[in-house]
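Q: My questions concern the predicted model and sequence given below.
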Amino acid sequence: MIDIKILRENPESVKENIKKKFQDHKLILVDEVLELDGKNRAAIQRGNDARKERNDISAQIGKLMREGKKDEAEALKAKVGQINQELVDIEAKEAEYEAAIKERMMKIPNFLDETVPIGKDDSENVEVTRYGEPFVPDYEIPYHTDIMSALNGIDLDSARRVAGNGFYYLLGDIARLESAVLSYARDFMIGKGFTYCIPPFMIRSDVVTGVMSFEEMDAMMYKIEGEDLYLIGTSEHSMIGKFKDQFLPKAELPYTMTSYSPCFRKEKGAHGIEERGVYRIHQFEKQEMIVVCEPEDSKEWYEKMWSYTVELFRSMDIPVRTLECCSGDLADLKSKSVDVEAWSPRQKKYFEIGSCSNLTDAQSRRLGIRIKGEKGNYFAHTLNNTVAAPPRMLIALLENNYNEDGSIRIPEALRPYMGGAEVICKKQ
């Protein structure tokens with residue numbers, strides 16, 4: 001949510017930002033907010049005037065009572081009663097206007113960083129840098145679930161019977177490999193100075209609407225029937241929610257945290273061969289990182305955070321690249337975002353395995369996350385980034401370490417988490 005002062009003072013800049021995101025249907029929101037804000041400010045002023053008038057009359061009543069002029073005092077008391085009723089009506093109007101303003105402000109996208117490329121959708125994202133040499137062996141690499149099945153590592157049929165499509169059982173060495181990735185990612189981030197956290201896996205609706213747009217909420221979140229609780233789609237939701245309505249001491253910033261959680265997503269519209277298997281699923285595990293920091297430090301943290309993901313993948317010999325997300329591909333709260341994609345030697349192309357985003361103060365305004373400064377309080381900046389999200393990471397790991405005999409080479413960084421094993425082989 002942007003600062004309403006900017007909208008008041010320069011509504012055209014807000015409209016221009018909306019146009020850059022190709023959301024022209026939201027332009028009317030700016031005019032509606034201005035109109036409602038004008039009415040609300042007029043109501044507030046009328047309320048202030050009425051309270052002053054009531055205070056003045058109350059002082060007169062006291063004076064008249066001391067002078068023994070009871071009849072005149074009673075007449076003024078009736079006037080106070082009228083003002084009190086008027087204030088009830090005014091305050092109801094203020095609440096109505098404020099709710100209508102907030103509803104519209106929540107739909108107006110955050111300001112884009114000036115470096116974001118302008119484009120309609122993800123097809124216009126811009127490649128930034130490649131890390132590691134993409135390699136395609138001279139033998140065929142099977143589909144990832146076929147690799148797992150050959151190693152007795154996955155059972156999709158049983159999962160469908162138990163939970164439906166979009167779920168899976170991981171078994172044996174493949175399940176252990178996923179756990180190894182998560183444990184390694186956890187220790188990797190702790191080594192970067194981040195505090196490890198296991199957060200709540202459910203959050204209330206006021207946190208949900210604080211961390212994401214309504215469109216994202218509808219497309220992603222599972223609601224617990226009969227309760228004001230949602231299953232998290234990613235642990236950044238409850239991690240950022242931890243700071244809701246808090247005044248953070250300036251001396252304690254930045255807060256750098258890395259978290260493990262299961263994640264639950266509807267994944268509406270998933271289809272095609274690359275959407276089957278375990279690429280897009282309703283339940284998965286993830287290691288995440290978030291930063292809450294001073295506004296002037298968020299750009300520097302943004303660069304650090306995505307570089308950590310690149311470093312993690314390269315430490316496991318997986319080639320990756322970074323893609324700058326264009327304006328039309330950014331969710332409403334994001335000011336700037338970069339996707340990290342891993343190389344798929346089977347598909348001979350890259351695919352997304354993580355995303356780093358700077359949300360500036362958009363989430364903080366929704367959630368009331370403020371920094372307690374020496375000269376007043378102000379909103380913090382928040383950032384989030386994927387460290388590792390198995391099983392997508394497993395796909396990259398398996399394909400890039402697949403041997404011709406069907407075995408999987410275990411990257412050296414993961415071997416301590418796999419009991420020292422160097423290879424996963426087919427069971428006889």
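A: Yep, it's here.
Q: In this structure residue 189 contacts residue 288, no?
A: No: under the criterion of CB atoms under 8 Å, residue 189 lies out of contact with residue 288, with a separation of 9.2 Å. Where C-beta positions appear, they are placed from N, C-alpha and C, glycine not excepted.
Q: Identify the contacts common to these two.
A: Common contacts of residue 189 and residue 288, defined by CB atoms under 8 Å, 6 or more residues apart in numbering, comprise 258, 387.
Q: Give me the pLDDT value at residue 194.
A: Looking at residue 194, its pLDDT is 98.
Q: Skip the chain neighbours and tell me the closest residue to residue 160.
A: Nearest non-adjacent residue to residue 160, counting by CB to CB, 6 or more residues apart in numbering: residue 167, 7.2 Å away.
Q: Kindly report the same for residue 325.
A: Taking CB to CB, 6+ apart as the measure, residue 325 lies nearest to residue 337, with 4.2 Å between them; neighbours along the chain are not counted.
Q: Show me where this protein has its helices.
A: 4-9, 11-20, 27-66, 70-105, 144-150, 156-162, 172-191, 205-211, 214-220, 236-241, 298-314, 362-367, 392-400 (DSSP state H).
Q: residues in contact with residue 336?
A: For residue 336, the contact set (CB under 8 Å, 6+ apart) comprises 112, 113, 115, 116, 302, 325, 330, 357, 358.
Q: now residue 341
A: Applying CB under 8 Å, 6+ apart to residue 341 gives the contacts 320, 321, 322, 323, 350, 351, 352, 353.
Q: Among those residues, which pair sits farthest apart?
A: With distances taken as CB to CB, the most widely separated pair in the contacts of residue 341 is 322 and 351, at 13.4 Å.
Q: The two - which one has more neighbours?
A: Taking other CB atoms under 10 Å, residue 322 and residue 351 do not tie; residue 322 has more neighbours (22 against 16).
Q: isn't that one right up against residue 310?
A: Yes: taking contact to mean CB under 8 Å, the distance of 6.9 Å between residue 322 and residue 310 places them in contact.
Q: shared neighbours, the two?
A: Common contact partners of residue 322 and residue 310 (CB under 8 Å, 6+ apart): 131, 340.
Q: Residue 168 - nearest residue in space that isn't next to it in sequence?
A: residue 159 (4.8 Å).
Q: Now do the same contact list for the one you found.
A: In this structure, residue 159 makes contact with 167, 168, 169, judged by CB under 8 Å, 6+ apart.
Q: what are the bridge partners for the last one, then?
A: Read that as residue 169. Listed beta-bridge partners, residue 169: residue 155 (assigned using DSSP bridges).
Q: what's the pLDDT at residue 270?
A: Residue 270 is assigned 50 on the pLDDT scale.
Q: er, residue 225 actually
A: The predicted local distance difference test score for residue 225 is 94.
Q: So it versus residue 231, what's the distance?
A: Noted for residue 225: a distance of 12 Å to residue 231, by CB to CB, to the nearest Å.
Q: who has more neighbours, those two?
A: Relative neighbour count places residue 231 above the other of residue 225 and residue 231, with 19 against 6, counting by other CB under 10 Å.
Q: what about the more buried one, distance to residue 266?
A: Look at residue 231 and residue 266: by CB to CB, they are 10 Å apart.
Q: Can you check which residues contact both of the two?
A: Both residue 231 and residue 266 are contacted by 221, 222, under the criterion CB under 8 Å, 6+ apart.
Q: about what we covered before: just the closest of the contacts of residue 159 to residue 214, please.
A: Minimum separation from residue 214 among the contacts of residue 159 (CB to CB) is found for residue 167, which lies at 26.8 Å.
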